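Asks: need the 3D shape of this:
(2 chains)
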Number of protein chains: 2
Amino acid sequence: MDDAAAPPRFDILGIGNAIVDVVAPVPEAFISRHDMRKGSMTLIDAATAERIYAAMPPGQESSGGSVANTCAVAAGLGARVAYLGRVADDELGAVFRHDIAAAGVHFPTAPLVGGAPTARCLILVTPDGQRTMNTYLGACVAFGEAQVDAAAVAAAAVVYLEGYLFDEPAAQAAFRRAAALAHAAGRQVALTLSDSFCVDRHRDAFRALVAGHIDILFANEAELCSLYERNDLADAVAEVRGQVALAAVTRSEQGSLVIRGGEAVEVAAAPARVVDSTGAGDAYAAGFLAALTAGRSLAACGRLGSLAAAEVIGHYGARLQRDLRAEAAALA
Amino acid sequence: MDDAAAPPRFDILGIGNAIVDVVAPVPEAFISRHDMRKGSMTLIDAATAERIYAAMPPGQESSGGSVANTCAVAAGLGARVAYLGRVADDELGAVFRHDIAAAGVHFPTAPLVGGAPTARCLILVTPDGQRTMNTYLGACVAFGEAQVDAAAVAAAAVVYLEGYLFDEPAAQAAFRRAAALAHAAGRQVALTLSDSFCVDRHRDAFRALVAGHIDILFANEAELCSLYERNDLADAVAEVRGQVALAAVTRSEQGSLVIRGGEAVEVAAAPARVVDSTGAGDAYAAGFLAALTAGRSLAACGRLGSLAAAEVIGHYGARLQRDLRAEAAALA
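Replies: The predicted model follows:
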């Protein structure tokens, strides 16, 4: 039997860090006082997590994780979605599991028992709506090749991988295995670069992965420029054209640029009042992949990405609070 | 030494159920499908909590508890505040402890170790902004007389008690002890009736408490009418006049009515866009008590109550997301 010919049971299978977000508004001074790099994601150990949490204002907890957010939003737009990631057998793990299942996402990964607690990301939102993230990975570091559910990977039209996983060697290996399994089943492999500092930390490994294994690349301007060490977006775009079949480059309020071979489609941002930019890129990828796997045009993929991003930046939290199905259908 | 003559270290000491809220938007049909009484608070057991949670959409977790919300908001308005309530020694208990401390509230109660988990309230918000609450009390039931910190009670100008505590016999006893200690120290005792169904469940006990021990009563129209079994607010107000020195009756978008002896002050609601009415009454009590303990006029107390309520109903969650100190100062 030719697996590639089997119709996929899932439109999207995401693999990422399973994290509970703790979001709180802070003044600008909080970021400088704690020597944080504004707008970046920093990995922290358990002791640092304790220290920052103690200094933070009261927070709101909600399930997060970049690719998990994408999966939840895509399911909310009507896509069939599965997710692989590791939580612990604890209260925050139960919160994560509830939320992703309630969003309609299939989540088969067994929890880690007797190890580190569920990961948390302390997200500090400054008055300009920017997020500065401090992630304690906890149970996420126990995600490896053994957690790559081969049947689920083979059953998904697109496997979508989180760049942040490159911060853990076991997860990098899981990543490569997922890509190989997907291609063997005739599926496509997508990647989000996640964060320009993450690209800095792992540039060579990312370049090799993109060149050798990735069909669809998501990045913002800074991430793409960092990947190819270019100052100018046009130069970075010229580099990526030959590397992947399809690339979507997000540009905040300037919308996005979709590249496929010699083709380039410019997509406007949807109007939005920025309350908290957490999850904008994740939601864009959700809309884009939901439309792509439904066979829509590149312009329609970009527009659905913009619509989903506009919804999530209008409130705290990175997942949909409003049903967008009617608006999504109107766009198509 | 005359304790009554000692200046209070705290303006407000709250005693209540220490709860983490799990808030999610639901359609109207969810409420009827689960046989819930819309707008009420229902006590549920652990198994029912599991069942409702499994059926709920993804939620946002934040610290709650009616009087704990009041304490956090009052501290945010500049009052000196302490809180007594019981959480467990678990992840949600750590969240509760962090959030109330980060709000600037002194929280000396030791956590429960090896018993029930931290309480949670599953709050379902319908499109009209109404909340339907399902509370699993967990560790809260381990709050009794032993948890009443006598020094803290004697050190607070006003002890503020949560009506919901009347659902647990141990807490009722704690309640009476706190009132007795406060009066012995020359302090005032305030009570919120919490919920008209709670008043229904414990009407006689509430009437005896109000008549014998309460100086300041907070209630909404439905709660006050239920307490005195009157259909007309004017009749219920006539009843309460002789019972307490001061009563503040909240009337949603019609503002509030403040009663002191023969005096009655009508206070307008502050303009607000209702996103989630959770915590409106709690925030009103916070503003009112913060102004009262700062020596403001009754009208100023009501206006600060209205301002705080308007802020919290404009977003999900029952605590301030915006610094109101400048606006509060302008009102005074």
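
Asks: what are the contacting residues of stretch A:254-265?
Replies: A:233, A:237, A:240-241, A:245-251, A:266-269, A:284, A:298-299, A:301-302, A:305-306 (CB atoms under 8 Å, 6 or more residues apart in numbering or on different chains). The C-beta positions use only the backbone N, C-alpha and C, and glycine is treated the same way.

Asks: now stretch A:171-185
Replies: Taking CB under 8 Å, 6+ apart as the rule, stretch A:171-185 contacts A:3-4, A:6, A:15, A:17, A:140-141, A:143-145, A:147-148, A:150, A:153-154, A:156, A:159, A:161, A:165-166, A:188-189, A:205, A:209, A:213-214.

Asks: show me which residues of it are buried.
Replies: Under the neighbour-count criterion of 16 or more other CB atoms under 10 Å in any protein chain shown, stretch A:171-185 has A:171-172, A:174-179, A:181-183, A:185 buried.

Asks: so which of those are in helices?
Replies: Judged by DSSP state H, the buried residues of stretch A:171-185 include A:171-172, A:174-179, A:181-183 as members of helices.

Asks: returning to what we had before: hmm, which of the contacts of stretch A:254-265 are the buried ones?
Replies: Using 16+ other CB under 10 Å, the buried members of the contacts of stretch A:254-265 are A:237, A:240-241, A:246-250, A:267, A:269, A:284, A:298, A:301-302, A:305-306.

Asks: which of the residues you listed sits closest to chain B?
Replies: A:Y284 (19.3 Å; CB to the nearest CB).

Asks: residues from the stretch 1-150 of chain A in reach of chain B?
Replies: Counting by CB under 8 Å from any CB of the partner chain, the residues of the stretch 1-150 of chain A close to chain B are A:25, A:53-54, A:56-63, A:72, A:90-92, A:95, A:98-100, A:102-103, A:117.

Asks: swap the cut-off to 10 Å and go again
Replies: Residues of the stretch 1-150 of chain A lying close to chain B (CB under 10 Å from any CB of the partner chain) are A:20-25, A:27, A:50, A:53-63, A:72, A:76, A:88, A:90-96, A:98-105, A:117-118, A:120.

Asks: re the thing from before, which of the contacts of stretch A:171-185 fall within helices?
Replies: Among those, the ones falling in helices (DSSP H) are A:150, A:153-154, A:205, A:209, A:213.

Asks: can you tell me which of the residues you listed lies closest to chain B?
Replies: Using CB to the nearest CB, these come closest to chain B at A:V153, 24.5 Å.

Asks: and the closest one, what does it touch?
Replies: Residues near A:V153 by CB atoms under 10 Å, 6 or more residues apart in numbering or on different chains: A:10, A:13, A:15, A:82, A:84, A:159, A:177-185, A:187, A:189.

Asks: check A:D167 too.
Replies: Counting by CB under 10 Å, 6+ apart, A:D167 touches A:17, A:41, A:43, A:135, A:137, A:140-141, A:194-195, A:198, A:201-202.

Asks: apply 8 Å and report the result again.
Replies: Contacts for A:D167 (CB under 8 Å, 6+ apart) come out as A:43, A:137, A:198, A:201-202.

Asks: secondary structure, neighbour count and pLDDT added to those, as JSON lines?
Replies: Formatted as JSON lines, the contacts of A:D167 follow (DSSP: H, G, I helix; E, B strand; the rest coil; neighbours: other CB atoms under 10 Å in any protein chain shown; pLDDT from 0 to 100):
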{"residue": "A:L43", "secondary structure": "strand", "neighbour count": "16", "pLDDT": "93"}
{"residue": "A:L137", "secondary structure": "coil", "neighbour count": "26", "pLDDT": "95"}
{"residue": "A:C198", "secondary structure": "helix", "neighbour count": "23", "pLDDT": "90"}
{"residue": "A:R201", "secondary structure": "helix", "neighbour count": "14", "pLDDT": "91"}
{"residue": "A:H202", "secondary structure": "coil", "neighbour count": "19", "pLDDT": "92"}
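
Asks: closest one of those to chain B?
Replies: Of all the contacts of A:D167, chain B sits closest to A:L137, with 16.3 Å by CB to the nearest CB.

Asks: okay, strands next: where are they in the stretch 151-300 of chain A?
Replies: A:156-162, A:188-192, A:216-220, A:246-250, A:256-260, A:263-267 (DSSP state E, counting those that start in this stretch).

Asks: format those as TSV; extra columns: mean pLDDT.
Replies: Listed next are the strands of the stretch 151-300 of chain A as TSV, based on pLDDT from 0 to 100:
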stretch	mean pLDDT
strand A:156-162	97
strand A:188-192	98
strand A:216-220	97
strand A:246-250	97
strand A:256-260	97
strand A:263-267	95
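
Asks: for A:V275, find the nearest of those strands.
Replies: Nearest to A:V275 among the strands of the stretch 151-300 of chain A is strand A:246-250 (18.3 Å), distances taken as CB to CB.

Asks: tilt between that closest one and strand A:188-192?
Replies: On the basis of axes from the mean of the first three to the mean of the last three CA atoms, to 10 degrees, strand A:246-250 is oriented at 20 degrees to strand A:188-192.

Asks: could you give the angle of strand A:246-250 to strand A:216-220?
Replies: Going by the same axes, to 10 degrees, strand A:246-250 makes 20 degrees with strand A:216-220.

Asks: in terms of secondary structure, what does strand A:246-250 contact?
Replies: Using 3 or more CB pairs under 8 Å, 6 or more residues apart in numbering or on different chains; DSSP states H and E, the elements in contact with strand A:246-250 are strand A:216-220, helix A:221-227, helix A:233-241, strand A:256-260, helix A:280-293, helix A:298-313.

Asks: could you redo the last one with a cut-off of 6 Å?
Replies: Helices and strands touching strand A:246-250, by 3 or more CB pairs under 6 Å, 6 or more residues apart in numbering or on different chains; DSSP states H and E, are strand A:216-220, strand A:256-260, helix A:280-293.

Asks: residues in contact with the first one?
Replies: Going back to what we said before, that points to strand A:216-220. Identification of contacts with strand A:216-220 by CB atoms under 6 Å, 6 or more residues apart in numbering or on different chains yields A:190-193, A:244, A:246-250, A:285.

Asks: tell me the spacing between the closest residue to A:L112 other than its chain neighbours and A:C121.
Replies: Nearest residue to A:L112 in three dimensions, chain neighbours excluded: A:A139, at 4.3 Å (CB to CB, 6 or more residues apart in numbering or on different chains). From A:A139 across to A:C121, the span is 13 Å (CB to CB, to the nearest Å).

Asks: distance-wise, check the closest residue to chain B within the stretch 151-300 of chain A relative to A:I100.
Replies: Nearest residue of the stretch 151-300 of chain A to chain B: A:V275, at 9.1 Å (CB to the nearest CB). Look at A:V275 and A:I100: by CB to CB, they are 23 Å apart.
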